[in-house]
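K.L.:
Build the 3D model from these lines:
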Amino acid sequence: MPGKESGKAKEGGIKRGTHRTLFVRPVKANKVVKRKAKIQPLRKSITPGTVLVVLAGRHRGKRVVFLKQLPKSGLLLVTGPLKLNNTPLRRIAQAFVIATSTKIDVSKVNLPDHINDDYFKRAEEKTKKSESNIFASSKSSYEVTDDRKKDQKNVDTAILQAIRAHKEKKFLFGYLGSRFTLGKNQHPHNLVF
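P.N.:
Have a look, this model is predicted:
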């Protein structure tokens, strides 16, 4: 019946003359959860003295000697030695290395206790910008400290003595000095390291 009005509001709407109130959910602040970095357990094939092939970074393709796993980050401490292939003491993740079957006896190598993750952090210099040096390049080049050179020399001397004591020392000097490459039709998954 067209003239008869019911007391109901229109379906899907509100009655005339009333205001709609919106429900706003309170915004929760994001909680900052500090997680401790999970230390990756060392692979069975990687033991102190194992020769590793570096797969990434500026030293990729070089063969290095594994010294120890750093306790704080779980990264591997490796060295070239510097004299053989120009690789200094470095940290590297084990995902970026291939372990070979070649081993060197590094039991007589004494690593200083101060060589840890903090040893490799670089100090950042904070410079204030002023109008006079707006266009001056503020990038400073990294220079190796004397302490670092001394540590490198001590570790490399001990490793070179261990290589000289090995029965195949001529092979090892050439092996550590050469780069790892793949030839035509060589597939890494088919190689035995």
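
K.L.:
Which positions within the longest helix along the chain qualify as buried?
P.N.:
In the chain, with assignment by DSSP state H, the single longest helix is helix 146-165. By neighbour count on 16 or more other C-beta atoms under 10 Å, the buried set for helix 146-165 is 151, 152, 155, 156, 159, 160, 162, 163. (Each C-beta comes from the backbone N, C-alpha and C, glycine too.)

K.L.:
Does the last one touch residue 172 like I think?
P.N.:
Pointing back at residue 163 there. Yes. Counting by C-beta atoms under 8 Å, residue 172 is a contact partner of residue 163 at 5.1 Å.

K.L.:
Between those two, which contacts overlap?
P.N.:
Overlap of the contact sets of residue 163 and residue 172 (by C-beta atoms under 8 Å, 6 or more residues apart in numbering) consists of residue 104.

K.L.:
which residues touch the longest helix of the chain?
P.N.:
Residues outside helix 146-165 that contact it (C-beta under 8 Å, 6+ apart): 49, 65, 67, 79-83, 88-89, 104-106, 108-112, 115, 169, 172-173, 176.

K.L.:
My guess is residue 96 contacts residue 59. True?
P.N.:
No. Residue 96 lies out of contact with residue 59 (C-beta under 8 Å); the separation is 10.1 Å.

K.L.:
which of the residues in stretch 80-100 are buried?
P.N.:
The neighbour-count check on stretch 80-100 (16+ other C-beta under 10 Å) flags 80-82, 84-85, 87-92, 94, 97-100 as buried.

K.L.:
among the residues you listed, which are in helices?
P.N.:
Using DSSP H, those in helices are 82, 84, 85.

K.L.:
residues near the closest residue in space to the last one that isn't next to it in sequence, how many?
P.N.:
Closest residue to residue 85 apart from its sequence neighbours, by C-beta to C-beta, 6 or more residues apart in numbering: residue 62 at 5.0 Å. In terms of burial, residue 62 registers 21 neighbours under the definition other C-beta atoms under 10 Å.

K.L.:
Same question for residue 181.
P.N.:
7.

K.L.:
Point out where this protein drops to low pLDDT.
P.N.:
Within the chain, the ranges that satisfy pLDDT under 70 run 1-23, 37, 124-140.

K.L.:
how about the strands in it?
P.N.:
With DSSP state E, the ranges of strands along the chain come out as 50-54, 63-69, 76-79, 90-92, 97-103.

K.L.:
quick one, which of those is nearest to residue 145?
P.N.:
Residue 145 lies closest, by C-beta to C-beta, to one member of those: strand 90-92, at 15.5 Å.

K.L.:
Identify the neighbouring strands of that closest one in the sheet and state each direction.
P.N.:
Strand 90-92 pairs in its sheet with strand 76-79 (antiparallel), by DSSP bridges.

K.L.:
Adding distance to residue 29, write the strands of the chain out as TSV.
P.N.:
As requested, the strands of the chain are exported to TSV (distance: least, C-beta to C-beta, whole Å):
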stretch	distance to residue 29
strand 50-54	43
strand 63-69	38
strand 76-79	39
strand 90-92	36
strand 97-103	42
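
K.L.:
Kind regards, and thank you for your time.
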